[in-house]
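Novice: next one to model:
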Amino acid sequence: MKWRSSMGQPCDEGVLVSSSTMTPCSPRSAPWILAATILGSSMAFIDGTVVNLALPALQASLGATVTAMQWVVESYALLLTSVMLAGGSLGDIYGRKRTFITGIVVFAAASAWCGLASSVGVLLAARCLQGIGGALLVPGSLAILGATFDEHERGKAIGTWSGFTSITAAAGPVLGGFLIEHATWRWAFFINLPIALAVLAITIRYVPESRNKKADAPLDWPGAVLVSVGLGGIVYALIESASRPWSDPVLIAAILLGLSALVAFIAVESYSRAPLVPLRLFRSRRFSGVNLLTLFLYGALSGLLFFLPLNLIQVQGYSATAAGASILPFILLMFLLSRWSGGLVDRYGARRPLVIGPTIVAIGFALFALPGVGGSYWTTYFPAVTLLGLGMAISVAPLTTTVMNSVSEEHAGTVSGINNAVSRLAGLLAIAVLGVIMLSGFNRHLTSSLAGLNLESDVRIEIESQRERLAAIEIPQGITPEQRAKVRQTIEESFLAGFRLVMLSASGLALLSVGAAWLLIEDKQKRRRTTSA
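Specialist: Coordinates of the predicted model:
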């Protein structure tokens with residue numbers, strides 16, 4: 001495989017070139033680069049969707065509370081978010097291909113460890129390592145695209161990347177749900193291994209090395225440590241607040257530690273020679289606006305993907321396979337429309353698709369709050385899933401294209417790392433905050449409803465002691481079948497009460513993302529008119 005610089009000179013595969021000059025010499029090489037970046041990113045995306053689907057099985061197998069299940073998701077997201085900032089910079093400094101390959105190897109090894117875990121503690125440790133691997137490969141995939149395709153082709157390339165990562169993410173929940181239902185939840189992690197082998201083979205053979213030649217300063221390790229401690233302290237306090245009062249000294253200490261570390265992080269970034277987050281990038285209204293939009297929109301989506309499988313499996317009675325298949329309309333719309341939507345920025349500017357798309361998403365989230373217990377999928381969750389898929393299909397590719405075009409190409413890895421970190425930070429904070437909202441709504445409804453049932457005090461106390469298990473509460477023995485049915489109905493309705501609050505909150509977050517796009521992201525045509533004037 002040969003590569004050609006923009007000056008027309010061929011170069012051997014694997015040669016180190018600057019991000020601003022590298023383009024493939026043959027159209028046949030571009031699909032291989034797309035394949036490597038798509039499959040690499042898909043491992044992280046599949047893991048997110050499949051693990052959410054496996055939560056009910058994990059809860060039953062390991063006897064875990066909802067708080068423990070939150071940590072199964074959040075431990076991965078915490079390391080993914082904090083290390084991803086370093087991951088983007090590592091690619092710019094030491095080589096994007098090298099960093100991408102390292103991420104694949106670490107992610108695959110951690111996935112195998114997750115699948116072999118025998119306790120919640122071991123699983124959490126493996127999930128942390130998995131987050132580190134994902135933090136190296138996800139920003140690397142987009143940075144490789146940014147370094148390979150010029151600005152005119154980048155929108156379509158990213159649209160293709162968005163569409164195909166969506167379709168692979170679609171296969172993940174369906175296949176994972178089938179394996180979870182008919183085999184074990186451990187296959188939710190083992191399915192990453194064959195994908196990793198394929199990505200390694202393609203990357204080693206076809207993807208050339210690139211880096212930012214101007215990045216000569218060492219990596220900002222103090223910044224990486226401070227942001228990890230800061231986010232960890234805040235997220236710990238939010239999740240543990242479900243079982244501890246806010247006056248608890250441990251929670252107060254965690255909040256103070258987290259805030260202090262984040263303040264110190266900003267100070268370090270201001271003076272670092274090679275900051276993880278170059279603060280000057282946020283002087284761009286477009287870059288700031290698109291990252292604020294990402295925070296709100298992906299926070300809302302993460303809340304849905306965490307709580308929807310629990311609702312479908314534990315309350316609505318879906319099988320794991322059916323729950324995985326329920327989001328297929330969302331994924332298929334992303335696949336079918338993402339390449340088209342990737343060109344919207346060139347045709348209409350960034351603002352319009354980033355206002356219209358999240359508006360449709362907000363309506364979709366509101367529809368998720370309507371169904372009760374039971375009913376046909378086609379009249380309950382299908383309309384909501386479809387609207388959500390349409391809105392996200394309009395939003396995602398323009399959002400990513402706008403991020404990659406907002407600064408110079410030499411910062412492709414850093415910019416990709418920042419935006420991906422923001423999307424993961426959104427999920428990290430949203431699951432913690434929306435978890436508090438969920439438990440609050442569930443507890444209020446459960447307390448008032450149990451008071452209306454003629455139950456013995458010890459039975460009611462045993463039920464209330466399991467509040468953190470939500471719909472997985474085990475009903476005590478020694479009550480009549482009629483009472484058991486009423487208690488089960490009360491638990492399910494209490495879950496839905498909390499779920500509705502979460503979905504309405506998610507709809508509000510989507511509307512905030514609309515406001516960010518409207519106020520901070522200028523339309524392309526408007527900016528050109530202003531410049532010419």
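
Novice: C-alpha only now, for contacts and for neighbours.
Specialist: Will do.

Novice: how's the protein carved up into domains?
Specialist: 2-220+272-442+497-532, 221-271 (automatic domain parsing).

Novice: now do the same end-to-end measure for the last one.
Specialist: For domain 221-271, the separation between the terminal residues is 13 Å (CA to CA, to the nearest Å).

Novice: next one: that domain to chain centre, how far?
Specialist: 21 Å (CA atoms, centre = their mean, to the nearest Å).

Novice: please apply the same query to stretch 279-290.
Specialist: For stretch 279-290, the distance to the chain centre is 21 Å (CA atoms, centre = their mean).

Novice: end to end on it, go ahead and measure it.
Specialist: End-to-end distance of stretch 279-290 (CA to CA): 15 Å.

Novice: just the buried residues of that stretch, please?
Specialist: Buried residues in stretch 279-290, counted by 16 or more other CA atoms under 10 Å: R286, F287, S288, G289, V290.

Novice: check the burial of G299 by counting its neighbours.
Specialist: 26 (other CA atoms under 10 Å).

Novice: how far away is V345 from L281?
Specialist: V345 sits 20 Å away from L281, going by CA to CA.

Novice: oops, could you answer that again for F365 instead?
Specialist: 32 Å.

Novice: likewise L259?
Specialist: 23 Å.

Novice: do A108 as well
Specialist: 33 Å.

Novice: give me the number of residues near M404?
Specialist: M404 has 26 neighbouring residues, counting by other CA under 10 Å.

Novice: local confidence estimate at it?
Specialist: Predicted confidence (pLDDT) for M404: 72.

Novice: ok now the helix or strand where C128 lies, how far from the chain's centre?
Specialist: Applying DSSP states H and E as the criterion places C128 in helix 120-148. How far helix 120-148 lies from its chain's middle: 11 Å, per CA atoms, centre = their mean.

Novice: over to stretch 196-212?
Specialist: In terms of CA atoms, centre = their mean, the centre of stretch 196-212 is found 24 Å from the chain centre.

Novice: buried ones in it?
Specialist: Neighbour-count burial for stretch 196-212 flags 196, 199-200, 202-204, 206-212 (criterion: 16+ other CA under 10 Å).

Novice: assumed F265 was part of a helix.
Specialist: Yes: assessed with DSSP: H, G, I helix; E, B strand; the rest coil, F265 lies in a helix.

Novice: quick one: it and L226 touch, right?
Specialist: Yes: if you go by CA atoms under 8 Å, F265 and L226 touch, sitting 5.5 Å apart.

Novice: number of nearby residues for L259?
Specialist: Residues contacting L259 under the criterion other CA under 10 Å number 18.

Novice: what's the spacing between it and V229?
Specialist: Per CA to CA, L259 is found 9 Å from V229.

Novice: also F335?
Specialist: Applying CA to CA to F335 and V229 gives a distance of 37 Å.

Novice: pull the distance from stretch 29-46 to the chain's centre.
Specialist: Between the centre of stretch 29-46 and the centre of its chain there are 17 Å (CA atoms, centre = their mean).

Novice: same check on stretch 318-328?
Specialist: Centroid displacement of stretch 318-328 relative to its chain, using CA atoms, centre = their mean, is 19 Å.

Novice: contacts made by that stretch with the rest, please.
Specialist: Defining contact as CA atoms under 8 Å, 6 or more residues apart in numbering, one finds that stretch 318-328 is touched by 50, 53-54, 170, 173-178, 180-181, 309, 312-313, 381-382, 385.

Novice: run the last query once more with 6 Å
Specialist: For stretch 318-328, the external contacting residues (CA atoms under 6 Å, 6 or more residues apart in numbering) are P173, V174, G177, F178, E181, L312.

Novice: for those, pick the one with the most neighbours.
Specialist: Neighbour count (other CA under 10 Å) singles out P173 as the most crowded of the contacts of stretch 318-328, with 31 neighbours.

Novice: so which residues of the stretch 201-350 of the chain form helices?
Specialist: Here the stretch 201-350 of the chain has its helices, by DSSP state H, counting those that start in this stretch, at 221-240, 249-271, 285-310, 320-325, 328-342, 344-348.

Novice: and for the stretch 1-150 of the chain?
Specialist: In the stretch 1-150 of the chain, the helices defined using DSSP H, counting those that start in this stretch lie at 30-62, 66-94, 96-116, 120-148.

Novice: which one of the ones you listed lies closest to W185?
Specialist: Nearest of those to W185, taken as CA to CA: helix 30-62 at 5.8 Å.

Novice: who has more neighbours, F335 and V229?
Specialist: F335 (25 against 22).

Novice: what about the residue nearest to R285 when sequence neighbours are not counted, how many neighbours?
Specialist: Leaving aside its sequence neighbours, R285 sits nearest to L520 (CA to CA, 6 or more residues apart in numbering; 5.5 Å). If you count neighbours by other CA under 10 Å, L520 ends up with 18.

Novice: confidence score at L520?
Specialist: We have a pLDDT of 85 for L520.

Novice: and it, how close does it get to L293?
Specialist: Going from L520 to L293 by CA to CA gives 10 Å.

Novice: go on, R211?
Specialist: From R211 to L293 the distance is 28 Å (CA to CA).

Novice: could you do W161 as well?
Specialist: According to CA to CA, W161 stands 20 Å off from L293.

Novice: do you know how far the most centrally placed residue in the chain is from I132?
Specialist: The centre of the chain sits closest to R424, judged by CA atoms, centre = their mean, with a distance of 4.9 Å. Relative to I132, R424 is positioned 13 Å away (CA to CA).

Novice: A117: neighbour count?
Specialist: 16.

Novice: and the nearest residue to it once chain neighbours are set aside, what pLDDT?
Specialist: Of all residues not flanking A117 in the chain, L123 sits nearest, at 5.3 Å (CA to CA, 6+ apart). Looking at L123, its pLDDT is 90.

Novice: next one: A110
Specialist: Note on A110: pLDDT of 95.

Novice: what's near enough to touch it?
Specialist: Applying CA under 6 Å, 6+ apart, we find A110 in contact with A126, L129, Q130.

Novice: G140 now?
Specialist: Residues in contact with G140 (CA under 6 Å, 6+ apart) are R96, F100.

Novice: mind pulling up the pLDDT for it?
Specialist: Note on G140: pLDDT of 79.

Novice: same check on the one 4 residues further on?
Specialist: What the model reports as pLDDT for I144 is 82.

Novice: on that earlier part again, out of W161 and L293, which sits in the busier spot?
Specialist: L293 (30 against 26).

Novice: find the nearest non-adjacent residue to that one, please.
Specialist: S513 is the one closest to L293 (CA to CA, 6+ apart), at 4.4 Å.

Novice: check G87 too.
Specialist: Spatial nearest neighbour of G87, excluding adjacent residues (CA to CA, 6+ apart): L136 at 4.6 Å.

Novice: the one you found against G103, yeah?
Specialist: Yes: with contact defined as CA atoms under 6 Å, L136 and G103 form a contacting pair (4.6 Å).

Novice: those two: which has the busier surroundings?
Specialist: More crowded of L136 and G103, by other CA under 10 Å: L136, with 31 against 25.

Novice: so L332 versus S341, what's the distance?
Specialist: Taken as CA to CA, the span from L332 to S341 is 14 Å.

Novice: just the closest of the buried residues of stretch 279-290 to E474, please.
Specialist: Of all these, E474 sits closest to V290, with 44.4 Å by CA to CA.

Novice: could you tell me how many residues sit around the residue nearest to L293?
Specialist: Using other CA under 10 Å, S513 has 28 other residues around it.

Novice: then V373?
Specialist: Neighbour tally, V373, other CA under 10 Å: 14.
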